[in-house]
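Engineer: Provided below for reference: sequence and predicted model.
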Amino acid sequence: MQPFRLKYYLILVGTKVSIIMKKATVYFLLFSTLFLSSCDSVSPKLESDLVIVSGQSFGECIGECTQYLVVKVESSSVEFVSQPYHVENENEKRIFTHNLDDETWKNILSEINTKTFNKLDEVYGCPDCADGGAEWIEISDSSGTHKVTFEYGEEVKGIENLIILLRNQRNALSNKYLSSN
């Protein structure tokens with residue numbers, strides 16, 4: 001009779017373990033779904049007050065040595081600004097407003113991650129040393145402003161695609177608005 005009791009006991013325990021495992025699986029799936037849905041995505045939702053400035057400058061230069069692009073998330077237009085290195089009055093600035101096509105706009109916005117950007121150093125290399133030129137990207141939002149400056153034509157690890165997209169847009173607008181003037 002002893003083996004019969006042991007067999008009955010094992011069946012009873014096995015059934016209880018099975019029920020417990022099913023409940024644990026359901027709770028695990030529910031918790032995982034809630035937890036994962038609260039995580040940040042690769043490209044978090046951008047704040048509407050976000051402003052991105054991407055520019056280039058040359059310190060030992062005559063003429064319009066500084067050019068920069070101002071991108072405001074709230075609109076699909078950008079400002080392209082060209083000016084002498086040292087601006088003595090606002091009339092020396094030339095400002096052009098340009099509407100970006102949807103694809104360019106989406107590509108730029110998809111590369112912006114303020115958490116990653118704010119962790120970057122402020123200076124990389126030796127920007128504008130021996131008038132080699134400097135480039136920068138500055139991102140401002142409700143939490144503050146962070147600017148990353150680097151050597152002209154170079155890239156910073158972690159934001160290479162953003163640099164290339166903004167540089168290409170800046171160069172295209174420079175060719176469009178300044179080459180014919």
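Structural biologist: Noted; the coordinates are in hand.
Engineer: how is the chain carved up into domains?
Structural biologist: Using automatic domain parsing, the domain parsing of the chain gives 1-39, 51-177.
Engineer: Can you tell me which of these is most buried?
Structural biologist: Ranked by mean neighbour count, the domains of the chain are led by domain 51-177 with a mean of 16 (mean count of other Cβ atoms under 10 Å). Every C-beta, even on glycine, is put in place using the N, C-alpha and C of the backbone.
Engineer: Measure how far that domain is from the centre of its chain, please.
Structural biologist: Mean-position distance between domain 51-177 and its chain equals 13 Å (Cα atoms, centre = their mean, to the nearest Å).
Engineer: before we move on, the earlier item: where among the domains of the chain is the average confidence lowest?
Structural biologist: Here the domains of the chain differ in mean pLDDT, and the lowest is domain 1-39 at a mean of 53.
Engineer: So which residues of this protein form strands?
Structural biologist: In the chain, the strands defined using DSSP state E lie at 51-57, 66-72, 77-83, 94-99, 123-124, 134-141, 144-151.
Engineer: would you turn the ones you listed into CSV with distance to I163?
Structural biologist: CSV is the format used below for the strands of the chain (distance: least, Cβ to Cβ, whole Å):
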stretch, distance to I163
strand 51-57, 8
strand 66-72, 12
strand 77-83, 16
strand 94-99, 19
strand 123-124, 11
strand 134-141, 7
strand 144-151, 8
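Engineer: Could you say which one of these comes nearest to L166?
Structural biologist: Nearest to L166, of all those, is strand 51-57, at 3.7 Å by Cβ to Cβ.
Engineer: Which residues does stretch 143-154 contact?
Structural biologist: 56, 58, 114, 117-118, 120-129, 132-140, 156, 159 (Cβ atoms under 8 Å, 6 or more residues apart in numbering).
Engineer: and the residue lying closest to Q67 once chain neighbours are set aside, what is it in contact with?
Structural biologist: Closest residue to Q67 apart from its sequence neighbours, by Cβ to Cβ, 6 or more residues apart in numbering: S82 at 4.9 Å. Taking Cβ under 8 Å, 6+ apart, we find S82 in contact with E64, T66, Q67, K93, R94, F96, S174, Y177, L178.
Engineer: Nearest to V78, out of these: which one, please.
Structural biologist: Checking the contacts of S82 one by one against V78 (Cβ to Cβ), the nearest turns out to be F96, at 9.0 Å.
Engineer: Now do the contacts for S174.
Structural biologist: Counting by Cβ under 8 Å, 6+ apart, S174 touches Q67, F80, S82.
Engineer: Tell me what the last one is bridged to.
Structural biologist: On DSSP bridges, the residues paired with S82 through beta bridges are Q67, R94.
Engineer: ranges for the helices of the chain?
Structural biologist: In the chain, the helices defined using DSSP state H lie at 2-37, 102-110, 114-118, 160-177.
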